[in-house]
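have a look; sequence and predicted model below, questions after that.
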Amino acid sequence: MAIYNLGSINADLLYSVPHLPRPGETLASTALRRGLGGKGANMSVAAARGAARVVHIGAVGPDGRWARDLLTEYGVDTRHIAVVDQVTGHAVILLDPDGENTIIINPGANHAIDQNQIGLALAEASPGDILLMQNETTHQAFSAETGSSLGLRVVYAAAPFNADAVRAVLPYLDMLILNAVEALQLEQALGKAPGDLGLADVIVTLGAQGCRWFQGASGQVVDFPALPVTPVDTTGAGDTFTGYLLGGLDRGMQMAQAINLATKAAALMVTRVGTADVIPDLLEIQQMDQPPAKGA
Ligand code: RIB
(Lines give C-alpha, C1' and ligand atoms only; values in the text may rest on other atoms or scores of the structure.)
Protein backbone atom coordinates (compact mmCIF):
# COMPACT_ATOMS: atom_id res chain seq x y z
CA MET A 1 0.00 0.00 0.00
CA ALA A 2 1.06 3.63 -0.31
CA ILE A 3 0.24 7.18 0.72
CA TYR A 4 -0.16 9.75 -2.06
CA ASN A 5 0.37 13.14 -0.45
CA LEU A 6 -0.63 16.30 -2.33
CA GLY A 7 1.36 18.61 -0.13
CA SER A 8 3.30 21.83 0.29
CA ILE A 9 7.08 22.01 0.30
CA ASN A 10 8.59 25.01 2.07
CA ALA A 11 11.94 26.38 3.00
CA ASP A 12 11.49 27.03 6.72
CA LEU A 13 13.25 30.00 8.31
CA LEU A 14 12.86 29.51 12.02
CA TYR A 15 13.68 32.51 14.23
CA SER A 16 13.90 32.09 18.00
CA VAL A 17 12.51 35.23 19.64
CA PRO A 18 12.18 36.34 23.28
CA HIS A 19 8.39 36.64 22.76
CA LEU A 20 6.01 36.70 19.82
CA PRO A 21 6.01 40.30 18.51
CA ARG A 22 3.18 42.74 19.09
CA PRO A 23 1.84 44.90 16.21
CA GLY A 24 4.44 47.52 15.30
CA GLU A 25 7.18 45.93 17.38
CA THR A 26 10.69 45.25 16.02
CA LEU A 27 12.41 42.28 17.62
CA ALA A 28 15.91 40.82 17.35
CA SER A 29 15.97 37.05 17.07
CA THR A 30 18.37 35.03 19.17
CA ALA A 31 18.88 32.22 16.65
CA LEU A 32 18.05 31.35 13.04
CA ARG A 33 17.67 27.83 11.70
CA ARG A 34 16.90 26.92 8.09
CA GLY A 35 15.42 23.63 7.05
CA LEU A 36 12.90 21.66 5.07
CA GLY A 37 9.26 22.22 5.98
CA GLY A 38 5.76 22.72 4.73
CA LYS A 39 2.88 20.82 6.26
CA GLY A 40 2.85 18.47 3.28
CA ALA A 41 6.58 17.74 3.31
CA ASN A 42 6.55 17.28 7.08
CA MET A 43 3.75 14.71 6.80
CA SER A 44 5.51 12.87 3.99
CA VAL A 45 8.73 12.67 5.99
CA ALA A 46 6.86 11.52 9.12
CA ALA A 47 5.02 8.77 7.23
CA ALA A 48 8.26 7.67 5.53
CA ARG A 49 10.10 7.62 8.88
CA GLY A 50 7.19 5.54 10.13
CA ALA A 51 8.10 2.98 7.44
CA ALA A 52 5.27 3.72 4.99
CA ARG A 53 5.67 4.09 1.24
CA VAL A 54 4.99 7.75 0.43
CA VAL A 55 4.57 9.40 -2.96
CA HIS A 56 4.67 13.18 -2.65
CA ILE A 57 2.78 15.27 -5.22
CA GLY A 58 3.94 18.87 -5.20
CA ALA A 59 6.08 21.56 -6.75
CA VAL A 60 9.20 23.59 -6.06
CA GLY A 61 10.86 26.40 -7.96
CA PRO A 62 14.30 26.15 -9.57
CA ASP A 63 15.65 27.43 -6.22
CA GLY A 64 14.11 24.46 -4.42
CA ARG A 65 15.77 21.43 -5.99
CA TRP A 66 17.58 20.93 -2.68
CA ALA A 67 14.19 20.36 -1.01
CA ARG A 68 13.21 17.69 -3.52
CA ASP A 69 16.64 16.03 -3.12
CA LEU A 70 16.29 16.08 0.65
CA LEU A 71 12.83 14.48 0.48
CA THR A 72 14.31 11.73 -1.71
CA GLU A 73 17.10 11.28 0.82
CA TYR A 74 14.49 11.04 3.60
CA GLY A 75 12.83 8.10 1.83
CA VAL A 76 9.98 9.84 -0.02
CA ASP A 77 9.14 9.05 -3.66
CA THR A 78 9.65 12.44 -5.34
CA ARG A 79 8.96 11.56 -9.00
CA HIS A 80 5.76 13.62 -8.91
CA ILE A 81 7.34 16.79 -7.55
CA ALA A 82 7.55 19.27 -10.43
CA VAL A 83 10.05 22.08 -10.82
CA VAL A 84 7.99 25.10 -11.93
CA ASP A 85 8.76 28.65 -12.86
CA GLN A 86 7.89 30.13 -9.45
CA VAL A 87 9.81 30.74 -6.27
CA THR A 88 9.77 27.77 -3.85
CA GLY A 89 7.29 28.13 -1.00
CA HIS A 90 8.76 29.40 2.22
CA ALA A 91 7.71 29.95 5.81
CA VAL A 92 8.87 32.44 8.40
CA ILE A 93 8.42 30.81 11.80
CA LEU A 94 8.78 32.75 15.04
CA LEU A 95 9.42 30.55 18.05
CA ASP A 96 9.05 31.80 21.63
CA PRO A 97 10.76 30.33 24.73
CA ASP A 98 7.62 28.29 25.60
CA GLY A 99 7.77 26.49 22.26
CA GLU A 100 4.78 28.37 20.80
CA ASN A 101 4.99 29.76 17.29
CA THR A 102 3.60 32.16 14.74
CA ILE A 103 3.98 31.21 11.08
CA ILE A 104 3.73 33.22 7.86
CA ILE A 105 3.82 31.27 4.61
CA ASN A 106 4.54 32.40 1.10
CA PRO A 107 2.93 29.67 -1.08
CA GLY A 108 5.02 30.23 -4.25
CA ALA A 109 5.34 26.98 -6.20
CA ASN A 110 2.84 25.22 -3.91
CA HIS A 111 0.14 27.16 -5.74
CA ALA A 112 1.49 26.23 -9.18
CA ILE A 113 0.81 22.50 -9.04
CA ASP A 114 -0.78 21.31 -12.24
CA GLN A 115 -4.00 19.25 -12.35
CA ASN A 116 -2.51 16.93 -14.99
CA GLN A 117 0.44 16.30 -12.71
CA ILE A 118 -1.94 15.21 -9.95
CA GLY A 119 -3.92 13.02 -12.35
CA LEU A 120 -0.76 11.30 -13.57
CA ALA A 121 0.39 10.59 -10.03
CA LEU A 122 -2.99 9.27 -8.87
CA ALA A 123 -3.22 7.05 -11.96
CA GLU A 124 -0.46 4.98 -10.33
CA ALA A 125 -2.41 4.49 -7.10
CA SER A 126 -4.35 1.34 -6.22
CA PRO A 127 -7.72 1.12 -4.46
CA GLY A 128 -7.16 1.21 -0.71
CA ASP A 129 -4.12 3.49 -0.95
CA ILE A 130 -4.37 6.74 1.01
CA LEU A 131 -4.70 10.17 -0.58
CA LEU A 132 -3.63 12.85 1.91
CA MET A 133 -4.07 16.61 1.52
CA GLN A 134 -3.69 19.75 3.59
CA ASN A 135 -4.63 23.35 2.81
CA GLU A 136 -1.30 24.71 1.54
CA THR A 137 -1.72 23.67 -2.11
CA THR A 138 -4.28 24.22 -4.84
CA HIS A 139 -6.53 21.56 -6.48
CA GLN A 140 -7.61 19.86 -3.26
CA ALA A 141 -11.24 19.39 -4.38
CA PHE A 142 -10.20 17.98 -7.77
CA SER A 143 -7.77 15.60 -6.05
CA ALA A 144 -10.30 14.52 -3.44
CA GLU A 145 -12.91 13.78 -6.10
CA THR A 146 -10.39 11.92 -8.28
CA GLY A 147 -9.02 9.96 -5.33
CA SER A 148 -12.48 9.01 -4.15
CA SER A 149 -13.51 7.83 -7.63
CA LEU A 150 -10.38 5.63 -7.74
CA GLY A 151 -11.28 3.98 -4.44
CA LEU A 152 -8.55 5.68 -2.39
CA ARG A 153 -9.00 6.43 1.30
CA VAL A 154 -9.20 10.21 1.19
CA VAL A 155 -7.82 12.07 4.21
CA TYR A 156 -7.76 15.82 4.83
CA ALA A 157 -5.69 17.56 7.48
CA ALA A 158 -7.56 20.86 7.78
CA ALA A 159 -4.60 23.19 8.26
CA PRO A 160 -4.19 26.08 7.74
CA PHE A 161 -7.91 26.13 8.53
CA ASN A 162 -10.42 27.48 6.06
CA ALA A 163 -14.04 26.43 6.35
CA ASP A 164 -14.69 26.77 2.59
CA ALA A 165 -11.70 24.56 1.80
CA VAL A 166 -13.07 21.86 4.13
CA ARG A 167 -16.56 22.24 2.64
CA ALA A 168 -15.16 21.68 -0.86
CA VAL A 169 -13.53 18.34 -0.03
CA LEU A 170 -15.98 17.07 2.59
CA PRO A 171 -18.19 15.02 0.21
CA TYR A 172 -15.18 12.91 -0.80
CA LEU A 173 -13.50 12.41 2.58
CA ASP A 174 -13.05 9.24 4.57
CA MET A 175 -11.10 10.89 7.35
CA LEU A 176 -10.70 14.42 8.67
CA ILE A 177 -7.91 15.46 11.05
CA LEU A 178 -8.09 18.82 12.79
CA ASN A 179 -7.23 20.48 16.08
CA ALA A 180 -9.67 21.65 18.73
CA VAL A 181 -9.78 25.27 17.53
CA GLU A 182 -10.35 24.15 13.94
CA ALA A 183 -13.06 21.71 15.05
CA LEU A 184 -14.88 24.57 16.77
CA GLN A 185 -14.51 26.82 13.71
CA LEU A 186 -15.86 24.04 11.50
CA GLU A 187 -18.80 23.44 13.80
CA GLN A 188 -19.62 27.17 13.69
CA ALA A 189 -19.37 27.20 9.87
CA LEU A 190 -21.31 24.00 9.15
CA GLY A 191 -23.52 23.73 12.21
CA LYS A 192 -22.30 20.16 12.72
CA ALA A 193 -20.15 18.65 15.45
CA PRO A 194 -17.19 16.45 14.36
CA GLY A 195 -19.12 13.25 15.03
CA ASP A 196 -22.04 14.40 12.85
CA LEU A 197 -20.10 15.04 9.64
CA GLY A 198 -20.93 11.62 8.21
CA LEU A 199 -17.28 10.61 7.87
CA ALA A 200 -15.80 7.21 8.67
CA ASP A 201 -13.23 8.77 11.01
CA VAL A 202 -12.61 12.20 12.51
CA ILE A 203 -9.58 12.84 14.70
CA VAL A 204 -9.45 15.99 16.80
CA THR A 205 -6.00 16.68 18.26
CA LEU A 206 -6.05 18.34 21.67
CA GLY A 207 -2.38 19.28 22.25
CA ALA A 208 -1.29 18.39 25.78
CA GLN A 209 -4.68 16.66 26.31
CA GLY A 210 -4.04 14.06 23.58
CA CYS A 211 -6.65 13.43 20.91
CA ARG A 212 -10.23 12.29 20.37
CA TRP A 213 -11.34 9.79 17.72
CA PHE A 214 -14.92 9.97 16.41
CA GLN A 215 -15.75 6.69 14.74
CA GLY A 216 -18.50 7.23 12.17
CA ALA A 217 -19.88 3.71 11.81
CA SER A 218 -20.39 3.00 15.52
CA GLY A 219 -20.81 6.55 16.77
CA GLN A 220 -18.14 5.73 19.35
CA VAL A 221 -15.89 8.49 20.71
CA VAL A 222 -12.53 7.40 22.14
CA ASP A 223 -10.03 9.63 23.97
CA PHE A 224 -6.28 9.04 23.86
CA PRO A 225 -4.02 10.80 26.39
CA ALA A 226 -0.88 12.70 25.37
CA LEU A 227 2.52 11.84 26.83
CA PRO A 228 3.92 14.24 29.42
CA VAL A 229 6.84 16.16 27.85
CA THR A 230 8.29 19.63 28.16
CA PRO A 231 7.92 21.27 24.75
CA VAL A 232 10.68 23.37 23.23
CA ASP A 233 9.06 23.74 19.80
CA THR A 234 5.54 22.67 18.83
CA THR A 235 6.08 23.46 15.13
CA GLY A 236 5.37 20.42 12.97
CA ALA A 237 4.14 18.27 15.87
CA GLY A 238 0.65 18.03 14.35
CA ASP A 239 2.19 17.14 10.97
CA THR A 240 4.29 14.46 12.63
CA PHE A 241 1.17 13.05 14.31
CA THR A 242 -0.73 12.92 11.01
CA GLY A 243 2.16 11.37 9.06
CA TYR A 244 2.74 8.67 11.66
CA LEU A 245 -0.98 8.00 12.07
CA LEU A 246 -1.50 7.46 8.34
CA GLY A 247 1.77 5.60 7.97
CA GLY A 248 0.62 3.18 10.66
CA LEU A 249 -2.83 2.74 9.10
CA ASP A 250 -1.31 2.22 5.67
CA ARG A 251 0.93 -0.50 7.11
CA GLY A 252 -2.14 -2.29 8.46
CA MET A 253 -2.39 -1.06 12.06
CA GLN A 254 -5.75 -0.68 13.76
CA MET A 255 -6.71 2.92 14.55
CA ALA A 256 -5.88 2.73 18.28
CA GLN A 257 -2.41 1.30 17.62
CA ALA A 258 -1.70 3.92 14.95
CA ILE A 259 -2.88 6.75 17.23
CA ASN A 260 -0.65 5.52 20.05
CA LEU A 261 2.36 5.43 17.71
CA ALA A 262 1.53 8.90 16.34
CA THR A 263 1.13 10.26 19.88
CA LYS A 264 4.62 9.08 20.80
CA ALA A 265 6.11 10.52 17.60
CA ALA A 266 4.48 13.91 18.25
CA ALA A 267 5.62 13.91 21.88
CA LEU A 268 9.22 13.33 20.84
CA MET A 269 8.91 15.95 18.10
CA VAL A 270 7.98 18.77 20.50
CA THR A 271 11.23 18.19 22.40
CA ARG A 272 13.19 19.16 19.26
CA VAL A 273 13.64 22.46 17.46
CA GLY A 274 12.90 22.33 13.73
CA THR A 275 10.53 20.71 11.28
CA ALA A 276 10.99 17.94 8.66
CA ASP A 277 14.70 17.45 9.34
CA VAL A 278 14.19 16.52 13.00
CA ILE A 279 11.09 14.29 12.77
CA PRO A 280 11.89 11.15 14.78
CA ASP A 281 12.27 7.74 13.20
CA LEU A 282 10.75 4.47 14.40
CA LEU A 283 13.87 3.41 16.28
CA GLU A 284 13.89 6.64 18.31
CA ILE A 285 10.23 6.10 19.16
CA GLN A 286 10.88 2.53 20.27
CA GLN A 287 13.70 3.81 22.48
CA MET A 288 11.22 6.03 24.34
CA ASP A 289 9.83 2.82 25.88
CA GLN A 290 13.22 1.51 26.98
CA PRO A 291 14.55 2.21 30.47
CA PRO A 292 17.84 4.18 30.31
CA ALA A 293 20.93 1.94 30.21
CA LYS A 294 22.73 1.48 33.57
CA GLY A 295 25.29 4.21 34.15
CA ALA A 296 23.71 6.40 31.44
O1 RIB B 1 3.14 22.87 10.45
C2 RIB B 1 4.41 23.45 10.36
C3 RIB B 1 4.68 23.91 8.97
O4 RIB B 1 3.78 24.95 8.64
C5 RIB B 1 6.05 24.49 8.75
O6 RIB B 1 6.99 23.53 8.36
C7 RIB B 1 5.81 25.60 7.74
O8 RIB B 1 6.48 25.41 6.53
C9 RIB B 1 4.30 25.69 7.56
O10 RIB B 1 3.87 25.08 6.41
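Looks like it came in fine.

quick check: buried residues in stretch 183-197?
183, 185-186, 194-195, 197 (16 or more other C-beta atoms under 10 Å). Every residue, glycine included, has its C-beta placed from N, CA and C.

which element is the most centrally placed residue in the chain on?
Nearest to the mean C-alpha position of the chain, by C-alpha atoms, centre = their mean, lies D239 at 3.0 Å. Using DSSP states H and E, D239 sits in helix 237-250.

for the residue of the chain found nearest the ligand, which non-adjacent residue is closest in space?
Distances between the chain and the ligand by C-beta to the nearest ligand atom are smallest at G37, namely 2.6 Å. Nearest residue to G37, sequence neighbours excluded (C-beta to C-beta, 6 or more residues apart in numbering): D12, at 3.3 Å.

what average pLDDT does the helix or strand containing the one you found get?
Using DSSP H and E, D12 sits in strand 10-16. Across strand 10-16, the average pLDDT comes to 98.

stretch 125-137 now?
Mean predicted confidence for stretch 125-137 is 98.

swap in stretch 187-198?
Per-residue scores along stretch 187-198 average to 96.

quick one: end-to-end distance for it.
End-to-end distance for stretch 187-198: 13 Å, by C-alpha to C-alpha, to the nearest Å.

same check, this time on stretch 210-229
12 Å.

can you check stretch 157-176 too?
End-to-end distance (C-alpha to C-alpha), stretch 157-176: 6 Å.

now do stretch 90-103
Stretch 90-103 has an end-to-end distance of 10 Å (C-alpha to C-alpha).

my read: A112 touches V87, true?
No: using C-beta atoms under 8 Å as the test, A112 is too far from V87 to be in contact (9.7 Å).

so between these two, which is more surrounded?
The residue with more neighbours, out of A112 and V87, is A112; 20 against 17, by other C-beta atoms under 10 Å.

what residues sit buried inside the lowest-mean-pLDDT helix or strand in the chain?
Within the chain, no helix or strand scores below helix 282-288, which has a mean of 94 by mean pLDDT, DSSP states H and E. Going by neighbour count (16+ other C-beta under 10 Å), the buried part of helix 282-288 is I285.
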